[in-house]
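Asks: Give me coordinates for this.
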Amino acid sequence: MPWTPNPDGLQEILQTIHESTSVNHAAQRNITQKLNQFTRSPEYIAYLAYILSAMPQEEDRIRTIAGFLLKNNARYIISAPPEVAEYVKNAILVAFTDSSVMIRNAASQDIVTFLGTLEPRNWPECLQHLVNALDGPDFDRQEAAFNALEKACEDYPRKMDIEINGTRPLDYMIPKFLQLSEHPSAKMRSHAVACLSYFVPINCQSLFVHVDTFIACLFKRASDDDPSVRRHVCQALVLLLAARPDKLMPEMSNVAEYMLYSTKDKNENVALEACEFWLTFAEDPELAPYLAPLLEKVAPVLLDCMVYGEDDLLWLEGDVEDAEVPDKETDIKPRHYGGGKGHSFERDDQGNPVEAPTESKPRIGAYGEELADSDEEDEYDYDDDDFADEMSTEWNLRKCAAAALDVLAVRFSGELLNHLLGPLKDKLWSTDWLQRESGILALGAMAEGCIEAIEPHLPTLIPYLINTLNDSKPLVRSITCWTLGRYASWCTQPISEEHKANYFIPTMEGLLRMVLDNNKRVQEAGCSAFATLEEDAGPELAPYLEPVLQNLVFAFEKYQHKNMLILYDAVGTLADAVGRALQNPAYVDILMPPLTKRWSKLADDDEDLIPLLECLASVTIAMGPAFLPYAGPVFERCCNLIHNSLLQYQQFQQNPELEEPDKSFLVVALDLLSGLTQGLGANMEGLVNSSTPHLLQLLIVCLKHPQAPVRQSAYALVGDMAVNCFAILRPHMAGVMNELILQLDPEPKFEFISASNNAAWSVGEVALRYGANDPEFQQWVNPLIARLVPILLHPKAPRSLHENAAVSIGRIGLMHPQLVAPHLGDFAQAWCQALYEIRDNEEKDSAFRGLCTLVQTNPAGIAKSLLWFCNSIVRWNHPSPELNAMFQSLLQGFKAHDPQGWAAQVAMFPPAIQERLQQRYGV
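Replies: Residues are numbered from 1 along each chain as shown. Purely as a prediction, here's the structure:
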């Protein structure tokens, strides 16, 4: 039976929609709740469709709201009774032919959403209706149908590329679109080219059968009078370049000419699409040979695209001294603290040791603008290398050109610079500040790729940039900060005293001046570039700590809300860079009062507490025992944050209707306690023992928390406490071990990997602290080995987990060889494979001492894995004297036990291993 509305139900929904147009906030909240309750009725969407399509007596505005609500509830059609679904589908198509343009527009949006939800295969009538309308007599209806089709082709091209009852709709639609690309109306031509282009990336056969006609159509439309058509032509060529470059290469000289011409189009939307072509071209290494001959023409055009447009300048209000003006809350992007320390090892491709890289975190996008976080799990930092990422303002021609130049620099380096030297000099020495600013941006964009080619020019360019920090235009000062940050690694190289005096110190002083500029954009760029300089300079900054701290502390008084968050990052990065040099009491006295003042101003639920706690974690590790006078309140507050977060989570578990609490406070408080533990060591004892509830009780609850980042930070704290203050941890180990053993999973879900890594690492630290053959720890040896060995042998376990498991097996073996040695034959080969590539360090040393102890206890266990064992021995560069002696004694022992057998085995080893064994150990 067809669906019909119940008058009372209809009246109630209609009444609520009428009420929703009131401006009273309290009423609005009430209405939202009411509308949410309606969704429980399976017929709700049919009522909305009825109001939209069958109630002409209502105002268009009311019917349009019903259409909007219908779109937002489209997902319910999947589970709706058949008569409701049928009614909704028909009603939307009826509304699409309504006499009112407002109703038709609302229905058009509903069509796109419902066609996507149901998929065209389950609503072929709708697709048929739209395609038929393209031939209809009424132009407005034609255009409306094409508009809906374009959105559908853009949003879900794969769902359109299907077979229905033995025919493929696209086999009919694509030739139709090609024909309509000649339509007298520009809107229709634009829709046609756009629809065709969306099928390129999905490798649609119905399109590629006609690919030559399609390319001919693009060339024909290339000189269209209408900018929207030209924009879609450029977009289609970009997509073809990415998907089917083979089709464009024969025509490349014509395409390149056209794209160069279009990159200079007066219409910025056309120019932007054309500029994307060069970015796509540069990103594909296989196309480099085709791009190289075009560089000479392309590079100067991109350079010209990097000048601020008039619209940008209106939006930027660049000249104001606004340091005193409070930020609007809308200026401050929400940042997600992904947080959490992960435990992993460093290695390089050849297995040679590499320096542990400091986590580099570019903070400000090109163009001195903040990068928007696109990723839920991003850290608080301005965290994306690639400036092609979304910016705080929309993507535009300037940014696209700078991103393209960056990729070209990486791809072509010196060759690119040769083509740009002349034009770049003209811009940098221009009297027009806009030209100068764009030249400085270009210089920064090329820093990564062209550094070797630019290096000979840096002794001139760096002083030029430092001098430009005095420019009267804030936009010039801010971009100069960004570009200096891009060359910070060159400025901070400890080459000579002269280099330091000419480049490092002036850059540092210049950027510190910008940190205290009177323009907020300059402060932001200066503070961010200074943090990059800190990372690159590391301990080289230590002699200048006093003036650096004085400046940063002054900024605490001066900064508004948004830049304060960047300042925390700069202070934390400084602490990471100079480490224990920060223990000097004079420095502690400069830095701690403003941090304490900020800390006391912030409530426990203030999100600004998160970056401040993160900053303090770095500061506590660096200051070490000097932090003790400030530790009490910090420790107490962390415990309170953890306690309150756990209580909130418990309430959420009991009542899932509540919103899930934010884990960030819990994670960052655990991480700060890890920092305190590393900084204070045994001095933590008094704090922990006086905590209520006791910290260890809270920690054990965190170890079983459902959210992986919480467990990750909790296991990091267990490991840090084992290393730095084991006496406090020991009485509570039974509770900790029960949870820890459960966390060791050979095939963890992706989001659990870091928690498993930290658990595997911390257990090795605990084993070492208990000491050799400790009777309490013995009870856990077999359960741990039963969990760690399968991780090591599991082919799908992540590499980092293999490494952490291997180190902990080695360390448990070092302390309890009699219990672990019987298992040696099961894991010896996998163990050596997991660890031979990681760089030499104390953790690896203790693990190998453990393995050697196991081999001494059970020599037969290594017999089948001798090649791997010897390979992992010779991969060491600097084993400790104790470990080296163990290697020597074992190898000599093997040789002495069976000289012929040993010689026969070694003869089958690769020559490099034979040589090293002979050179180092004489075997």
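Asks: Could you check how many residues crowd around residue 843?
Replies: 22 (other Cβ atoms under 10 Å). All C-beta spots, glycine's among them, are computed from the backbone N, C-alpha and C.
Asks: List the buried residues in the helix or strand that contains it.
Replies: Per DSSP states H and E: residue 843 is located in helix 842-857. Across helix 842-857, burial judged by 16 or more other Cβ atoms under 10 Å covers 843-855, 857.
Asks: One more: stretch 119-138?
Replies: 120, 123, 126, 127, 129, 130, 131, 133, 134.
Asks: Between the two ends of it, what distance do you get?
Replies: End-to-end distance of stretch 119-138: 27 Å, with Cα to Cα, to the nearest Å as the criterion.
Asks: circling back to that earlier point, farthest-separated two in the buried residues of helix 842-857?
Replies: Across the buried residues of helix 842-857, the longest distance by Cβ to Cβ is 21.5 Å; it joins 843 and 857.
Asks: Out of the buried residues of helix 842-857, the closest to residue 632 would be?
Replies: The closest of those, once distances to residue 632 are taken by Cβ to Cβ, is residue 843, at 32.2 Å.
Asks: hang on, that closest one packs against residue 807?
Replies: Yes - counting by Cβ atoms under 8 Å, residue 843 touches residue 807, with 5.5 Å between them.
Asks: Chain neighbours aside, what residue packs nearest to residue 909?
Replies: residue 867 (5.9 Å; Cβ to Cβ, 6 or more residues apart in numbering).
Asks: What is the distance between the helix holding residue 843 and the centre of its chain?
Replies: 37 Å (Cα atoms, centre = their mean, to the nearest Å).
Asks: same question, stretch 156-167
Replies: Centroid separation between stretch 156-167 and its chain, computed with Cα atoms, centre = their mean, is 35 Å.
Asks: how about low-confidence regions in this protein?
Replies: Low-confidence segments of the chain, defined by pLDDT under 70: 317-319, 329-341, 345-393.
Asks: what do you get if the cut-off is 80, keeping everything else the same?
Replies: Applying pLDDT under 80 to the chain flags the ranges 22-29, 310-394, 656-658.
Asks: biggest helix in it, by residue count?
Replies: Counting by DSSP state H, the longest helix found in the chain is helix 628-654.
Asks: Tell me which other helices or strands the helix or strand just after it touches.
Replies: Using DSSP H and E, the helix or strand that follows helix 628-654 towards the C-terminus is helix 664-680. Other elements packing on helix 664-680 under the criterion 3 or more Cβ pairs under 8 Å, 6 or more residues apart in numbering; DSSP states H and E are helix 609-623, helix 628-654, helix 684-689, helix 695-703, helix 708-729.
Asks: tell me what the second one is packed against?
Replies: Okay, so that is helix 628-654. Against helix 628-654 (3+ Cβ pairs under 8 Å, 6+ apart) you get helix 585-601, helix 609-623, helix 664-680, helix 684-689, helix 695-703.
Asks: Adding distance to residue 535, write these out as TSV.
Replies: Listed next are the helices and strands packed on helix 628-654 as TSV, based on distance: least, Cβ to Cβ, whole Å:
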stretch	distance to residue 535
helix 585-601	18
helix 609-623	12
helix 664-680	18
helix 684-689	29
helix 695-703	30
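Asks: for the stretch 301-450 of the chain, what spans make up the helices?
Replies: 310-316, 397-412, 414-428, 433-445, 447-454 (DSSP state H, counting those that start in this stretch).
Asks: Adding distance to residue 465 as columns, could you present these in a markdown table?
Replies: As requested, these are exported to a markdown table (distance: least, Cβ to Cβ, whole Å):
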| stretch | distance to residue 465 |
| --- | --- |
| helix 310-316 | 21 |
| helix 397-412 | 17 |
| helix 414-428 | 9 |
| helix 433-445 | 7 |
| helix 447-454 | 11 |
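Asks: Turn those helices into TSV, including distance to residue 703 and mean neighbour count.
Replies: As requested, those are exported to TSV (distance: least, Cβ to Cβ, whole Å; neighbours: other Cβ atoms under 10 Å):
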stretch	distance to residue 703	mean neighbour count
helix 310-316	49	12
helix 397-412	44	24
helix 414-428	53	17
helix 433-445	45	24
helix 447-454	42	18
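Asks: Can you say which of the ones you listed is nearest to residue 154?
Replies: helix 397-412 (19.8 Å).
Asks: Find the residue closest to residue 920 in space, skipping its chain neighbours.
Replies: Leaving aside its chain neighbours, residue 920 sits nearest to residue 874 (7.1 Å; criterion: Cβ to Cβ, 6+ apart).
Asks: Residue 412 now?
Replies: residue 295 (6.2 Å).
Asks: which SS class is that neighbour?
Replies: helix (DSSP: H, G, I helix; E, B strand; the rest coil).
Asks: where along the protein do the strands fall?
Replies: In the chain, no strands are found when defined by DSSP state E.
Asks: quick one: the residue nearest to residue 920 from residue 915, how far?
Replies: 9 Å (Cβ to Cβ, to the nearest Å).
Asks: between the two, which one's more packed in?
Replies: residue 874 (19 against 12).
Asks: Can you give me the distance of the more buried one to residue 918?
Replies: Counting by Cβ to Cβ, the gap from residue 874 to residue 918 is 10 Å.
Asks: Next: residue 577.
Replies: 44 Å.
Asks: In space, what's closest to residue 405 - neighbours in sequence excluded?
Replies: residue 445 (4.6 Å).
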